[in-house]
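Colleague: Kindly generate the corresponding structure for this input.
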Amino acid sequence: MQRIELQTYPQKKTIGKLNAQVLRPWYEAKIEILDTRNTSNEWLLGEIKENFAWFIDQYTITLAERTILLQSQVGSRTFKF
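Modeller: Predicted structure coming up:
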């Protein structure tokens, strides 16, 4: 399991979290991002999932009821969305 926290500097306030399961050959993660745009300071919940596709690296990111599809040719370091 992979756990990452994103913190502000110098206050060290946690504003993002990622908890991932790497289940070969798939990647799946739960993400939380602190919404600081208003005074409620709610956590926006989402997930990152790796999708199976031949010769394409493909990930679906869902956050705050929005979905982004990232695609890249195998071996490329550039994603298109």
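Colleague: quick one: the residue positioned nearest the centre of the chain from Pro10, how far?
Modeller: Centroid check for the chain by Cα atoms, centre = their mean gives Ile48 as the closest residue, at 4.7 Å. Taking Cβ to Cβ, to the nearest Å as the measure, Ile48 falls 29 Å from Pro10. No exception for glycine: its C-beta is placed from N, CA and C like everyone else's.
Colleague: go on, Gln21?
Modeller: Noted for Gln21: a distance of 32 Å to Pro10, by Cβ to Cβ.
Colleague: Of the two, give the one with the bigger neighbour count.
Modeller: For Gln21 versus Pro10, neighbours defined as other Cβ atoms under 10 Å are more numerous around Gln21 (11 against 6).
Colleague: Quick check: closest non-adjacent residue to the more buried one.
Modeller: Closest residue in space to Gln21, ignoring its immediate chain neighbours: Glu28 at 5.2 Å, by Cβ to Cβ, 6 or more residues apart in numbering.
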